[in-house]
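Chemist: sharing a model that was predicted from the sequence below.
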Amino acid sequence: MHTRSPQTLARLALVTVVTALLPPLARAAPRDELLRLVPDDVAFCLVVQDLRGHAEALTASPFAEALRKSPLGTALKGSPEWLKVTVVDTELRKQLGLGAAEIADKLLGDAFALAYRPNPPGKTGEDQGLFLLRARDAEVLANFVERLTRAQKESGDLKELEERQHAGATYFRRVERKGENFYYVNGPVLAFSSQEALLRQAVERDRKGSADEPAVARQLRQLGAERALAAVWINPRAFDAEMRRNLEKAEGADRAVQEALLRYWEALDGAAVALALEKDARLTLALRARTAGLPAAARRLFAEAARPSGVWERFPGDALLTLAGRLDPAALLEMLGDFQTKEARAALGEALERGLGAPLGKDFVREVLPAIGPDFGLCLLAPPASEKGPLPQGLLAVRVRPDKGADDSVLSLVDFYARLAVVMSRGQGKALSLKSARQDKVEVKYLDGEGIFPPGVRPAYALVDGYLVFASSPEALRRFGPARAAKVAGEVPLLRLSAQGLSRYLAERRETLLPVVAEKNGLSNDEANRRLDGLLAGLRLLDRVEIVQSSEAGKLSLTLRVQMAQPLK
């Protein structure tokens with residue numbers, strides 16, 4: 001037996017201590033240990049990291065405490081689904097020595113990933129998947145693999161286990177009842193695939209080693225998803241051949257669609273969907289593209305959308321739901337034309353002129369459409385206490401620039417169709433009428449008809465400070481107010497739902513809403529009551545839900561943010 005000198009042992013001890021004390025940034029993160037095994041040409045790669053830390057923070061959070069004490073939490077604990085989870089946990093512990101919580105902590109807690117490569121164009125049965133995990137320590141992983149193998153042999157699911165060599169490393173072939181699969185273990189890292197070639201690629205990359213940032217990790221960083229709990233990277237280049245093949249096969253109208261799709265697709269460099277849990281929950285879609293490769297209409301459309309809509313400053317801040325943004329209608333029409341044949345574009349133009357241009361005596365697409373927008377917005381408001389109807393009030397606002405009298409033209413168009421609705425109602429024996437009222441210096445027109453609209457609803461419209469505003473009633477239209485001071489922020493708001501406001505509205509209007517809900521859904525009053533109670537219990541755990549957009553050179557992110565009544569961390 002070879003004996004090392006005291007000096008050698010001292011040096012080894014020093015290296016071990018220094019390595020253990022190195023800051024985390026000096027060593028590869030568990031996620032990157034896995035991602036360096038992933039081939040660069042996969043189509044999708046799901047990565048989950050620090051599941052342990054997120055679970056611990058969530059369990060100890062004010063939100064978890066509120067959920068445990070809530071009626072919803074009590075109901076979940078006693079549900080059949082929860083009892084099934086308990087049974088499964090007991091069986092896992094019996095067979096594998098680890099319960100569900102321990103598997104999440106000790107096996108999956110650091111990081112795991114799933115990479116996928118689809119079938120080559122025109123072929124089937126050649127798709128490939130690779131599962132990777134980085135366990136808390138090598139011994140835990142080895143024990144788990146050993147117990148799983150033994151349990152599957154005893155049950156007859158595993159028929160054969162064969163040791164194989166590649167690139168100086170050992171991996172295993174597993175023959176099961178329904179096929180074969182392969183796995184490779186290196187310390188705390190496990191790679192598993194049903195395709196031997198893909199597993200061998202992972203082995204080669206592991207044996208080669210590299211201090212460089214893995215390609216998938218770089219893509220996630222560029223997309224702003226590197227710190228997310230879970231992220232799916234989408235590689236557009238993996239689908240280029242299939243897109244071109246679809247274009248070659250396309251004919252007629254479909255060919256125009258495929259040509260436009262390919263043009264937009266080739267400008268896309270990468271995409272990711274990421275879930276982050278901080279004080280709130282965030283689900284983000286991030287896109288990276290070469291904007292110079294996009295058609296001019298698309299560039300105009302995205303440039304307008306990158307700025308916040310002025311409607312946000314005019315809608316009431318206590319709205320139940322607000323949806324607002326900026327849209328260039330002329331650019332949108334031009335962009336849609338990219339996906340149509342010449343004949344289809346002409347037919348669409350003729351339809352717009354017949355329906356919208358003819359009543360005005362103007363060229364709608366050239367003279368009117370460019371003056372509409374870009375600001376637009378929709379909001380729903382809880383009715384005031386004096387209003388007895390069960391339905392919320394609604395506002396829809398569209399910016400109309402006074403270019404060459406376009407605002408008057410658009411208002412005239414609305415007048416035309418309002419009068420047409422009155423005439424058509426008389427043919428059906430209904431007493432619908434168009435009325436007018438003054439609100440300050442604004443003329444408001446509205447449709448009225450007893451028994452035609454729900455209580456509290458009298459559709460109204462008016463031009464207010466350069467906006468064409470539609471409302472559920474003249475009273476609701478008053479709530480479209482003067483512009484407030486704009487908030488300076490890096491994010492552009494697109495949608496906001498007030499869960500607390502919705503909860504108050506449902507509770508206050510419960511007696512008038514219940515009969516409507518029960519009748520519409522064919523429910524008994526007791527069942528409608530029970531469902532409403534469940535909805536209110538869930539809403540009380542939330543504060544608001546938002547969708548926001550952020551943009552920078554070549555990158556666009558859309559984020560769904562769910563803010564709880566109590567923070568998640």
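Modeler: Noted; the coordinates are in hand.

Chemist: and the next helix or strand past the biggest helix by length in the chain?
Modeler: Counting by DSSP state H, the longest helix found in the chain is helix 406-427. Following helix 406-427 in sequence order, the next helix or strand is strand 433-439 (DSSP states H and E).

Chemist: partner strands of that following strand, with direction?
Modeler: strand 442-448 (antiparallel) (DSSP bridges).

Chemist: please state the offset of the partner strand from the chain centre?
Modeler: How far strand 442-448 lies from its chain's middle: 39 Å, per Cα atoms, centre = their mean, to the nearest Å.

Chemist: how far off strand 442-448 does the longest helix of the chain point, in degrees?
Modeler: Calculated by axes from the mean of the first three to the mean of the last three Cα atoms, to 10 degrees, helix 406-427 forms an angle of 20 degrees with strand 442-448.

Chemist: in helix 406-427, what's buried?
Modeler: Going by neighbour count (16 or more other Cβ atoms under 10 Å), the buried part of helix 406-427 is 406, 407, 409, 410, 411, 413, 418, 422, 425. Using the backbone N, CA and C atoms, a C-beta is placed for each residue, glycine as well.

Chemist: I figured the fourth one hits residue 402, correct?
Modeler: Put plainly, it is residue 410. No - counting by Cβ atoms under 8 Å, residue 410 stays clear of residue 402, with 10.3 Å between them.

Chemist: OK, contacts around residue 162?
Modeler: Residues near residue 162 by Cβ atoms under 8 Å, 6 or more residues apart in numbering: 172, 173, 174, 175.

Chemist: widest-spaced pair of these?
Modeler: 172 and 175 (10.4 Å; Cβ to Cβ).

Chemist: before we move on, back to that, which residues do residue 410 and residue 402 both contact?
Modeler: Residues touching both residue 410 and residue 402 (Cβ under 8 Å, 6+ apart): residue 371.

Chemist: is residue 464 bridged to anything, and to what?
Modeler: residue 467.

Chemist: that one and residue 443 touch, don't they?
Modeler: No - in this structure, residue 464 is not within contact of residue 443 by Cβ under 8 Å, at 10.2 Å.

Chemist: and these two? Which one has more around it.
Modeler: residue 464 (21 against 11; other Cβ atoms under 10 Å).

Chemist: so what secondary structure elements neighbour the strand or helix carrying residue 76?
Modeler: Per DSSP H and E, residue 76 falls inside helix 71-77. Applying 3 or more Cβ pairs under 8 Å, 6 or more residues apart in numbering; DSSP states H and E, one finds that helix 71-77 contacts helix 525-539.

Chemist: who are the packing partners of the helix it packs on?
Modeler: Right, helix 525-539 is packed against helix 71-77, helix 499-508, helix 510-521 by 3+ Cβ pairs under 8 Å, 6+ apart.

Chemist: would you mark the buried spots in that helix?
Modeler: Buried residues in helix 525-539 (16+ other Cβ under 10 Å): 528, 532, 536, 537, 539.

Chemist: just the residues contacting the strand or helix carrying residue 81, thanks.
Modeler: According to DSSP H and E, residue 81 maps onto helix 80-96. By Cβ under 8 Å, 6+ apart, the list of residues contacting helix 80-96 from outside reads 76, 98, 99, 100, 101, 102, 103, 144, 147, 148, 151.

Chemist: what's the neighbour count on the fourth one?
Modeler: One way to gauge burial is a neighbour count; for residue 100, by other Cβ under 10 Å, it gives 15.

Chemist: nearest spatial neighbour of it, skipping sequence neighbours?
Modeler: Excluding its sequence neighbours, the residue lying closest to residue 100 (Cβ to Cβ, 6 or more residues apart in numbering) is residue 89, at 4.7 Å.

Chemist: pLDDT score assigned to the one you found?
Modeler: Looking at residue 89, its pLDDT is 78.

Chemist: so how far is residue 130 from it?
Modeler: 28 Å (Cβ to Cβ, to the nearest Å).

Chemist: looking at the two, which one has more neighbours?
Modeler: residue 130 (24 against 16).

Chemist: for the more buried one, which residues make a bridge with it?
Modeler: Under DSSP bridges, the residues paired with residue 130 across the bridge are residue 115, residue 193.

Chemist: ok, it to residue 109 distance?
Modeler: 20 Å.

Chemist: coming back round to it: as TSV, the contacts of residue 162 with pLDDT and distance to residue 312 would be great.
Modeler: Listed next are these as TSV, based on pLDDT from 0 to 100; distance: Cβ to Cβ, whole Å:
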residue	pLDDT	distance to residue 312
172	97	59
173	97	60
174	96	58
175	96	62
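
Chemist: tabulate those (CSV), appending secondary structure, neighbour count and distance to residue 371.
Modeler: Below are the contacts of residue 162 laid out as CSV (DSSP: H, G, I helix; E, B strand; the rest coil; neighbours: other Cβ atoms under 10 Å; distance: Cβ to Cβ, whole Å):
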residue, secondary structure, neighbour count, distance to residue 371
172, strand, 17, 69
173, strand, 15, 69
174, strand, 19, 68
175, strand, 12, 71
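
Chemist: correct me, but residue 555 touches residue 287?
Modeler: Yes - counting by Cβ under 8 Å, residue 555 does reach residue 287; the two are 6.9 Å apart.

Chemist: what lines up beside whichever strand or helix holds residue 273 in the sheet?
Modeler: Using DSSP H and E, residue 273 sits within strand 268-277. If you go by DSSP bridges, strand 268-277 pairs up with strand 230-234 (antiparallel), strand 281-289 (antiparallel).

Chemist: can I see the domain layout of the chain?
Modeler: The chain resolves into domains spanning 30-50+110-222, 245-269+293-477+491-554 when parsed by automatic domain parsing.

Chemist: looking at those domains, which one has the lowest mean pLDDT?
Modeler: Ranked by mean pLDDT, the domains of the chain bottom out at domain 245-269+293-477+491-554, which scores a mean of 90.

Chemist: can you give me the end-to-end span of it?
Modeler: 27 Å (Cα to Cα, to the nearest Å).

Chemist: for it, what is the distance to the chain centroid?
Modeler: A distance of 21 Å separates the centroid of the chain from that of domain 245-269+293-477+491-554, by Cα atoms, centre = their mean.
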